[in-house]
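Visitor: Let's see this in three dimensions:
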Amino acid sequence: MLVLALLASSALACARDVVMVTLPEIADARSALLVARSAERQQVWALDLTAAVALPTIDDPGDIALELAAFALPLSALGLETGELDLSTLTRGRPLPMIAGAFETKLVDTAEPWKARADLPGSLQSVRLPNARGPCVDLRLRIQPIESSERPAVLVGLDDERVLVGTRAGDFFLSTPDSIAPLPALTGLPGASGVRTPDGEIWLFGSDGSTAHGSLEDGFVPGPTAPGSADLVVAAVVAGSTHAVDLLAVSTSGELFQLDGARFISLAEGRDAETVTRSLAVIGPRHAVWTAHSSFVHRYRDGVATLEEPSHDLMREIASVAVIPALGLVAGAVIEGRLLLDRGDRQWTMLEPVDGGPSGLGIDVYAIEPFGDGFWAGGSTGSHTQWYPGWGFCEVGPAISRQAVVHAIRAGPSIVVTTDAARGGYPALAWLVPTE
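Guide: Numbering: from 1, shown residues only. This next block holds a predicted model:
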């Protein structure tokens, strides 16, 4: 428990009385701002709650009001150092992040008990952080060429340090953060999309409706063929299912299939005039949303298939969808790179930027992946950004390869991304590895 020794003095007194104040317990707080206000002046200190607290001295006559705002982020993430702050230098930049707790009390002859408050104290609401990085993670790029003439379509995480990447031509590679190597034993297997089940089995889907399943160690065997030789370009595991194999796959025409390991079942018919881009989000055992090469998305829920238009006021194509724990279903649009939130009952709202922070990716959003407490997003020029609750968007990171992001997955603490090929070159795979 942290104790602050606050000195209260009288202008007429020669001796000083020490008032001991104990900070309230705040779970997960790593930093705090302490405000002391009297009739004469206001002082603010930045406190590092993970180390011994430097004791501020308040030498001021009269009653003193104390306000405390605590944050889950360390002071370094706020761009601050321990000690007294000059608020006149904190007028431009981002607002303070979401609080982990806020309290207030008064010092008269003794300290009154701390009272919790639900919001940031008014004395701190105008504070701006010019040098804050917040929860944004610095990611180091490790780029590897994929030596194939075809676009990468399969990207499957095997563990924290290995991913399987494959192309529509059936060329496969094993990648780690330090190297990428061809897997000639897998050449010719279906390469339009792929997933890994909770028990570790890999399922591969082909452009002719073919499937194969197995592992790198034991090899692969053919699986069932999709009806009508459908081109299954995106697939996902049904999380939380009680079945050993419970997969959803979408064809280029937008038809949704369920695969139990032995057979395909058509759940929702496709629309020939539309082409699925690259994204399928499974929200529950009987609930999925997937993109169609338009401003609409398909939704299947409890046996009913519908179309929705998240950006109906913008008429922007929706290129990606993902379930983010802090937000729910998120959709990424093209052109301005807007992100939209599913509010239910066919209602969507824009994910607005935080005052003083970036407005988002600014380009076509082709991939969204949960990351930390928020998400990572990548787009059409290989640029990428992050978003966090109470902080908003981070600054856009350096371009991965200046080509469009095709797929992105998590592999341990890292994001792994595949991109299109540059003219006359190869497509690429990149590990985005946290530097801390």
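Visitor: domains in this protein, as residue ranges please.
Guide: Domain assignment for the chain by automatic domain parsing gives 3-129, 139-434.
Visitor: Let me have those domains in JSON lines, extended by mean pLDDT and mean neighbour count.
Guide: Every residue, glycine included, has its C-beta placed from N, CA and C. Converted to JSON lines, the domains of the chain look like this (pLDDT from 0 to 100; neighbours: other C-beta atoms under 10 Å):
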{"stretch": "domain 3-129", "mean pLDDT": "82", "mean neighbour count": "16"}
{"stretch": "domain 139-434", "mean pLDDT": "90", "mean neighbour count": "19"}
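Visitor: What separation do you get for residue 190 and residue 286?
Guide: Distance from residue 190 to residue 286, counting by C-beta to C-beta, to the nearest Å: 26 Å.
Visitor: so who does the residue positioned nearest the centre of the chain touch?
Guide: What sits nearest the mean C-alpha location of the chain, by C-alpha atoms, centre = their mean, is residue 375, with 0.8 Å. The contact partners of residue 375, by C-beta atoms under 8 Å, 6 or more residues apart in numbering, come to 322, 324, 327, 330, 368-369, 386-387.
Visitor: How about residue 412?
Guide: Applying C-beta under 8 Å, 6+ apart to residue 412 gives the contacts 159-161.
Visitor: ok, 10 Å please
Guide: Residue 412 is in contact with 157, 159-162, 177, 433-434, counting by C-beta atoms under 10 Å, 6 or more residues apart in numbering.
Visitor: Please tell me how far it sits from residue 432.
Guide: Going from residue 412 to residue 432 by C-beta to C-beta gives 12 Å.
Visitor: any shared contact partners between these two?
Guide: Shared contacts of residue 412 and residue 432, defined by C-beta under 10 Å, 6+ apart, comprise residue 177.
Visitor: From residue 130, how far out is the nearest residue to residue 46 once chain neighbours are set aside?
Guide: Nearest residue to residue 46 in three dimensions, chain neighbours excluded: residue 80, at 4.5 Å (C-beta to C-beta, 6 or more residues apart in numbering). Look at residue 80 and residue 130: by C-beta to C-beta, they are 10 Å apart.
Visitor: and for the two, which residues touch both?
Guide: Counting by C-beta under 10 Å, 6+ apart, the shared contacts of residue 80 and residue 130 are residue 90.
Visitor: In which helix or strand does the residue nearest to the centre of the chain reside?
Guide: Assigned by DSSP states H and E, residue 375 belongs to strand 374-379.
Visitor: mind exporting that strand as PDB, just the C-alpha atoms?
Guide: The C-alpha trace of strand 374-379 is given here as PDB (Å, rounded to 0.1, in the frame of the first residue of the first chain):
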ATOM      1  CA  GLY A 374      -8.100  -4.300 -29.300                       C
ATOM      2  CA  PHE A 375      -7.300  -5.100 -32.900                       C
ATOM      3  CA  TRP A 376      -4.700  -4.900 -35.700                       C
ATOM      4  CA  ALA A 377      -5.800  -3.800 -39.200                       C
ATOM      5  CA  GLY A 378      -3.900  -4.000 -42.500                       C
ATOM      6  CA  GLY A 379      -4.700  -2.600 -45.900                       C
END
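Visitor: Tell me which helix or strand comes right after it.
Guide: Counting by DSSP H and E, the next helix or strand C-terminal to strand 374-379 is strand 384-388.
Visitor: Output that following strand in CSV, but only the C-alpha positions, please.
Guide: Output in CSV follows, covering the C-alpha atoms of strand 384-388 (Å, rounded to 0.1, in the frame of the first residue of the first chain):
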residue,chain,number,x,y,z
HIS,A,384,-1.2,-1.2,-40.8
THR,A,385,-2.5,0.2,-37.5
GLN,A,386,-3.8,-0.8,-34.1
TRP,A,387,-6.9,0.2,-32.1
TYR,A,388,-7.4,0.0,-28.3
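Visitor: Now do that strand: which elements does it pack against?
Guide: If you count contacts as 3 or more C-beta pairs under 10 Å, 6 or more residues apart in numbering; DSSP states H and E, strand 384-388 packs onto strand 139-145, strand 365-371, strand 374-379, strand 392-393, strand 414-419.
Visitor: Which stretches in the stretch 101-250 of the chain count as strands?
Guide: With DSSP state E, counting those that start in this stretch, the ranges of strands along the stretch 101-250 of the chain come out as 101-107, 115-117, 128-129, 139-145, 152-159, 162-167, 172-176, 179-182, 193-196, 202-205, 211-215, 219-222, 232-237, 247-251.
Visitor: counting contacts, what elements does the third one pack onto?
Guide: It stands for strand 128-129. Applying 3+ C-beta pairs under 10 Å, 6+ apart, one finds that strand 128-129 contacts strand 94-95.
Visitor: what packs against the strand it packs on?
Guide: Using 3+ C-beta pairs under 10 Å, 6+ apart as the contact test, the elements touching strand 94-95 are strand 128-129.
Visitor: so what's the closest residue to residue 137 other than its chain neighbours up against?
Guide: Distances taken as C-beta to C-beta, 6+ apart place residue 434 nearest to residue 137, at 5.0 Å, with adjacent residues excluded. Residues in contact with residue 434 (C-beta under 10 Å, 6+ apart) are 137-140, 371-372, 412-415.
Visitor: at 7 Å what do you get?
Guide: By C-beta atoms under 7 Å, 6 or more residues apart in numbering, residue 434 lies in contact with 137-139, 413-414.
Visitor: Repeat that for residue 91.
Guide: Contacts of residue 91 by C-beta under 7 Å, 6+ apart are residue 128.
Visitor: doesn't it fall inside a strand?
Guide: No - the assignment for residue 91, made by DSSP: H, G, I helix; E, B strand; the rest coil, is coil rather than a strand.
Visitor: Not counting residues beside it along the chain, what's closest to residue 145?
Guide: residue 426 (4.4 Å).
Visitor: residue contacts, residue 215?
Guide: Residue 215 makes contact with 200-202, according to C-beta under 7 Å, 6+ apart.
Visitor: To which secondary structure element is the residue nearest to residue 145 assigned?
Guide: Using DSSP H and E, residue 426 falls within no helix or strand.
Visitor: likewise residue 282?
Guide: Taking DSSP H and E as the criterion, residue 282 maps to strand 280-284.
Visitor: any idea how far that strand is from the chain center?
Guide: Taking C-alpha atoms, centre = their mean, to the nearest Å, the mean C-alpha location of strand 280-284 is offset from the chain mean by 16 Å.
Visitor: which among the contacts of residue 215 gets closest to residue 231?
Guide: Among these, residue 202 lies closest to residue 231 (C-beta to C-beta), at 19.4 Å.
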